[in-house]
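Peer 1: Dropping the sequence and predicted coords here.
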Amino acid sequence: MEKLAIVGTVHVAPERRPEVVRLLMAHRSRCLKDETGTLQFEVLSPRGDETRLLIYELYRDEAAFEVHRDGASIAQWRRGSAEMGVRIEIVRCTPIEASS
């Protein structure tokens, strides 16, 4: 099984940023607690840019990401952020494992 990493850019209006961060951190906590295939979920703040947040998510495999994508936590995130004008771009990545 090949791990899957998601690198995302969350575009947000500066005045909505604190609220979006709160929602993302709650989503992160739920995912790490409830989704066994979610291995890592980080929310990052680009220095000097109040209009973006970055996310890094690591999944056991593609199937684990599908569980995440169709799960209750992301549905809750979508409902909570629906009226905030948030736009997300993601890139699916294959982690490169260190060679022995």
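Peer 2: That came in fine, so what should we check first?
Peer 1: which secondary structure elements does the longest helix seen in the chain contact?
Peer 2: Longest helix of the chain, by residue count under DSSP state H: helix 17-34. Helices and strands in packing contact with helix 17-34 are listed as strand 38-44, strand 52-59, helix 72-81; criterion 3 or more Cβ pairs under 8 Å, 6 or more residues apart in numbering; DSSP states H and E. For the C-beta atoms, the positions are set from N, CA and C on the backbone; glycine is no exception.
Peer 1: and the shortest one, which strands flank it?
Peer 2: Translated: strand 38-44. Its sheet considered, strand 38-44 pairs with strand 52-59 (antiparallel) by DSSP bridges.
Peer 1: that older thread, in JSON lines, list the helices and strands packed on helix 17-34 along with mean pLDDT.
Peer 2: Putting these into JSON lines (pLDDT from 0 to 100) gives the following:
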{"stretch": "strand 38-44", "mean pLDDT": "98"}
{"stretch": "strand 52-59", "mean pLDDT": "98"}
{"stretch": "helix 72-81", "mean pLDDT": "94"}
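Peer 1: Could you pull up the contacting residues of Leu39?
Peer 2: When the contact criterion is Cβ atoms under 8 Å, 6 or more residues apart in numbering, the partners of Leu39 are 3, 58-60.
Peer 1: again, 6 Å this time
Peer 2: Applying Cβ atoms under 6 Å, 6 or more residues apart in numbering to Leu39 gives the contacts Leu58.
Peer 1: list the buried ones in stretch 50-57?
Peer 2: 53, 55, 57 (16 or more other Cβ atoms under 10 Å).
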